[in-house]
Each structure stands twice: as structure tokens, then as C-alpha cells.
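Student: sharing a model prediction with you, sequence too.
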Amino acid sequence: MRFHSILFEQLSDGGDVDVRDTPSCFRDLNLDQVLESMLDGREEYRLEAFFYSPLTTAASVLYRHETLQDLEKKEVFDTVADFSRRMRGVRAHLSRVAKLHHRYERERWFLDAAEAYVTAVSTLKEELTLRDVDSRALVGLRGYLETYVDSPDFSTFVADTQKVKDNLASVVYRVHIRGSRVEVSPYGGEPDYTPEVEQTFAKFRQGDVDDYRVHFVDRAGMNHIEARILDLVVRLNPGVFSTLDDYCARYESFLDDTVVRFEREVQFYLAYLEFIERFKTAGLPFCYPQVSSRSKDIHVHEAFDVALANTLVPGKKVVCNDFRLEGTERILVVTGANQGGKTTFARMFGQLHYLASLGYPVPGSEARLFLPDRILTHFEREEDIETLQGRLESDLVRIRDVLQRATSSSVVIMNELFNSTTVKDALVLVAAVMSQIIELDLLGVCVTFLDEIASLGESTVSMVSMVDAEDPSVRTYKVVRRPADGRAYAVALAAKYGLTYPQLKGHVTS
């Protein structure tokens with residue numbers, strides 16, 4: 001099989017990823033924050049589109065799992081990272097070429113870029129040959145590089161590059177400056193007095209002294225005097241520079257498309273591995289999940305919200321949670337104390353499924369997850385006066401859109417539906433929405449203040465955000481599988497802050 005891509009076993013599997021829009025769930029799940037942190041310093045690769053293109057088959061996810069497991073080996077990671085560093089140098093040279101004005105200055109930078117490219121590709125090929133890789137992607141890449149580097153075309157390119165470089169290195173000339181007059185002439189074997197000058201002044205050196213040398217600014221190009229000197233050097237060595245002209249014309253597009261694609265795509269892996277490394281260092285677990293686009297039996301152990309963890313690590317504790325759905329169970333209904341981690345749990349559920357669909361390890365020590373066709377979310381929004389809609393109407397419109405887009409293969413996450421209306425009306429509305437979700441056989445999470453929703457039927461599973469057993473005003477941020485208990489912990493909160501009726505009455509003097 002011919003190697004195409006390190007992200008897709010068949011290049012056609014990726015489609016046109018560069019035209020993907022941001023998924024609607026990104027903001028609600030705080031994945032936009034995760035992406036921003038991950039891609040810091042990698043803006044040049046335009047990786048966003050890869051993150052907007054989740055996979056939908058277990059086979060395509062496994063292809064990425066294999067690759068990541070190879071890249072987790074330090075020697076393999078370092079090899080690929082070194083190649084990326086060299087390729088950034090190539091692009092920097094080519095970028096500079098585009099900014100220069102003098103023909104031969106451009107061509108010299110172009111030659112340097114070509115030489116750097118040869119070194120980068122040859123080194124990657126040699127080092128991958130020595131590395132222990134098992135993934136189809138990296139084994140395929142290694143085979144491709146062996147064929148490419150050993151091909152007659154590449155060998156000729158390498159030889160021509162070295163020949164032109166040696167020709168330029170052989171150019172020697174003399175510059176004679178007298179006042180404002182500059183003369184350029186062939187080198188006639190005149191002696192180099194530099195060693196004698198240094199030796200003469202060495203006896204005056206007494207220990208370390210201040211460095212008064214002038215450090216010149218690296219300009220975008222030569223000044224007019226340097227350019228004129230170069231023109232005269234070209235006139236003295238027409239054959240050498242004619243060969244340089246021919247070389248630049250012949251190898252105008254020397255970058256190989258597959259090599260360039262690999263260097264860009266591998267950043268998708270490197271960025272994530274670097275991002276999660278500090279969480280692992282802090283003791284937080286990551287695992288490769290089992291995935292399926294058919295079975296809706298799912299479970300995760302010791303999972304956490306990666307966006308929240310990104311703000312807490314290092315220094316602050318990250319609380320992990322478990323969940324499972326099996327048999328006919330489909331919807332986790334989360335109730336409990338305010339500010340107890342319910343919304344964080346819902347985001348975590350969505351993040352786990354999205355990260356799994358990208359082929360990434362997920363936060364948790366063990367996981368089995370579903371591969372959805374899409375993840376649909378409904379989180380609270382501030383009222384938008386331009387829509388001329390109240391909050392309840394806006395909620396109704398947005399949840400209608402969610403239900404219209406959902407299929408039996410979707411995952412839906414709803415946070416505090418209809419909390420802007422009365423309890424009685426909210427209960428009727430949420431129950432109606434839940435009945436449609438159950439009918440569609442969707443997997444998902446519903447965070448609500450309505451305990452009755454947790455017992456709508458066999459499809460719903462009740463989970464409760466817990467508080468400290470001795471002090472109900474203290475949140476543990478653990479969300480456990482248990483029946484909703486109908487407590488809002490308002491009295492405990494009021495007591496903590498001295499706001500119960502007896503406490504307030506005690507502060508009032510008659």
C-alpha cells in the first residue's frame with residue numbers, strides 16, 4: 001500500500017478538511033480554549049481544520065491510535081520533532097527569498113533552502129530506519145522515504161545542490177576600497193594578513209576586556225553597495241552564476257507534496273502529546289479508549305474536564321469522575337447542589353466523545369466510548385436584544401434546532417434547560433424534550449434542577465453532584481450514580497454565610 005497521509009489511511013477519507021467550519025459544540029464544551037492552548041506556537045500549520053473533522057469509524061480511529069503510540073516513544077518523537085524544526089528552517093529560507101530584491105541574493109537563499117531540505121529529508125529517512133515503529137502510518141512513511149531518497153531524481157537533486165554550492169564556495173575575489181571608490185578584481189594570491197594582525201595586537205591584551213565590536217542588524221537584503229559589489233563578482237565569474245541560474249530554474253518546486261503533507265499533519269499529534277504531558281506529570285491519567293459506532297454501552301473511569309484542568313494544573317487539585325451506560329440506558333440526568341460540578345461533568349462527557357472521535361487518548365484511566373455522527377449541545381445563553389426573543393423563546397428555538405439535526409447516532413448534551421421559567425412549566429417542557437430524545441435513542445447528558453426528570457424511564461440514569469457529608473455547604477465535585485434526593489442545599493448555604501432566618505433575626509435589634 002502506498003503511503004498517503006499520517007492522519008488518514010486513505011487520503012480520500014479526509015475529504016477536503018481545509019474547508020471545515022467550527023463545530024457548533026466547540027464553545028459550549030470549551031474545546032475552543034483547549035484548541036487555542038494546543039496550537040500556541042503552531043499557527044503556521046493551519047491545523048484547526050483537522051480538529052474540526054472528527055472520525056466516524058473505529059478503523060480510522062485505530063489508525064491514529066497506532067501512530068500516537070509510536071510517537072509516544074521518546075526517540076520517535078524526537079526524530080519527528082527534529083525533522084519539523086529543520087523544515088521550519090526551510091520555510092524560513094524560502095520566505096526570505098520572497099522578500100529579497102537582488103536576483104543572486106534570492107538564488108543563494110534558495111540554494112540554502114534546498115540544502116536544508118535535503119538534510120531534513122535524508123536525516124528523517126536514516127533515523128526512522130533505526131527507530132522501532134509498528135504503526136501502519138510510520139512504517140508506510142519509512143518505506144516512502146526510502147523509495148524517494150534513493151530515487152534517481154532525488155539523487156540528482158542532491159548532487160546538483162552540492163555541485164552548485166561547491167562552485168560558489170570556489171569564488172574568491174579582492175575588494176579594494178579607497179575613499180568612495182570600490183574596485184572588485186580577481187584574487188591574485190595575495191597573502192591574508194589577518195593572523196599577523198591578531199598576533200601583533202595579542203600582546204596588548206590584558207585579561208578579559210569589554211567587547212566593543214558593533215553588531216549589525218540582520219536586514220531583509222543587501223544594501224546598494226553590497227549589491228553593486230555582487231554584480232561585479234558575477235561579471236568576474238559568469239559560468240558559476242549561470243549554473244546557479246539553471247539550478248534555480250530546474251528545481252523551482254523542489255518540495256515533495258507527500259513530505260510537506262506529513263510535516264503539517266504530524267503536528268496534529270505532536271501538539272496533543274505536548275499538551276497532555278503536563279497533566280500526566282501532575283498524575284492525571286490518559287488512556288486509549290475502545291470506540292464503536294454501533295454499541296452504545298459506554299463507560300469511563302477517572303475522567304476529568306481537560307479544559308478546566310488546563311487552568312488548574314499545576315498547583316490545584318483536579319477531581320475525576322466515573323460514569324457508565326449499558327443495555328437500554330442512554331441519558332445521564334445530573335442533579336444536585338448548585339456550583340457542584342454538574343456543568344463541568346456535562347462538558348467532560350462531550351469532550352471525551354469528541355477527543356475520542358479525533359483518535360486521541362482521552363482523560364481517564366479506562367474508557368469505552370461511542371463514535372457519534374455529531375455532538376449537539378444546548379447550554380445557557382445570554383439574551384440577545386437583536387433577536388427580539390426572550391430567554392425562554394430562545395431556548396425553545398435552539399432546542400428545536402438540536403432535535404431537528406439529531407439522528408440516532410448523535411450525542412446530545414443539555415445544560416439547565418428552561419430554568420428561566422416556572423418549575424411547573426419547565427417540568428412539562430423538559431419532559432417533552434426528553435421524550436423525543438428517548439424516542440431517537442440518543443446518548444447524552446441532561447443537567448437539570450428538576451429531580452423528576454431523573455426517573456422518566458429505563459433510558460435515564462440519575463447522577464447527583466455530591467457535597468461533604470459533614471458540611472453540606474462544601475462541594476466535593478464528585479458526581480455519582482444514585483437517585484436524585486430532592487435537596488438543593490439552600491439551607492446549608494444560607495447557614496454557612498449567616499443568612500438563615502434565626503441568624504438574621506439574631507442580628508436585628510429591636
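Tutor: Perfect, I can see it now. Numbering: from 1, shown residues only.
Student: can you confirm A367 is in a helix?
Tutor: No: counting by DSSP: H, G, I helix; E, B strand; the rest coil, A367 is not part of a helix but strand.
Student: quickly list what it is bridged to.
Tutor: Beta bridges link A367 to V300 when assigned by DSSP bridges.
Student: quick one: residues contacting it.
Tutor: Applying Cβ atoms under 8 Å, 6 or more residues apart in numbering to A367 gives the contacts C287, P289, Q290, H299, V300, H301, A303, L352, A356. In short, each C-beta sits where N, CA and C put it, glycine included.
Student: list only buried entries from those residues.
Tutor: Taking 16 or more other Cβ atoms under 10 Å as the criterion, what is buried in those is C287, P289, Q290, H299, V300, H301, A303, L352, A356.
Student: nearest to L7, of those residues?
Tutor: Nearest to L7 out of the buried ones among the contacts of A367 is A356 (Cβ to Cβ; 15.5 Å).
Student: that closest one is in what secondary structure piece?
Tutor: Here A356 sits within helix 342-357, counting by DSSP states H and E.
Student: mean confidence score for whichever helix or strand comes after that helix?
Tutor: Tracing the chain C-terminally past helix 342-357 and defining elements by DSSP H and E, one meets strand 362-363 next. For strand 362-363, mean pLDDT is 98.
Student: mind listing the strands strand 362-363 pairs with, and their directions?
Tutor: Next to strand 362-363 in the sheet, as set by DSSP bridges, lie strand 286-287 (antiparallel).
Student: and the next element down the chain from the strand it pairs with?
Tutor: strand 290-292.
Student: for that following strand, which outside residues touch it?
Tutor: So strand 290-292 is contacted by A58, V61, A356, S357, A367, R368, L369, F370, L371 (Cβ under 8 Å, 6+ apart).
Student: please spell out the PyMOL selection for the buried subset of the residues you listed.
Tutor: Buried members of those, defined by 16+ other Cβ under 10 Å, are picked up in PyMOL with:
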select buried, resi 61+356+357+367+368+369+370+371
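Student: helices or strands next to the longest helix along the chain in the packing?
Tutor: Ordering each helix of the chain by length in residues (DSSP state H) puts helix 103-130 first. The contact analysis (3 or more Cβ pairs under 8 Å, 6 or more residues apart in numbering; DSSP states H and E) places helix 103-130 against helix 74-99, helix 136-149, helix 152-169, helix 224-236, helix 238-250.
Student: chain center to the third one, what's the gap?
Tutor: Put plainly, it is helix 152-169. 37 Å (Cα atoms, centre = their mean, to the nearest Å).
Student: over to V175: give its phi and psi.
Tutor: phi -110, psi 120 (degrees, to the nearest 10).
Student: check contacts around it.
Tutor: For V175, counting by Cβ under 8 Å, 6+ apart, the contacting residues are V182, E183, V184, I229.
Student: contact partners for the first one?
Tutor: Read that as V182. V175, H176, I225, R228, I229.
Student: can you tell me how far it sits from A227?
Tutor: Between V182 and A227 the computed distance is 12 Å (Cβ to Cβ, to the nearest Å).
Student: could you do the third one as well?
Tutor: As for V184, its distance to A227 is 12 Å (criterion: Cβ to Cβ).
Student: show me the shaky parts of the stretch 151-300 of the chain.
Tutor: 206-220 (pLDDT under 70).
Student: still on that earlier bit, and of the buried ones among the contacts of A367, the nearest to D192?
Tutor: Using Cβ to Cβ, C287 comes nearest to D192 of these, at 64.8 Å.
Student: didn't L392 look like it was pressed against N419?
Tutor: No: taking Cβ atoms under 8 Å as the definition, L392 is not a contact partner of N419, at 9.6 Å.
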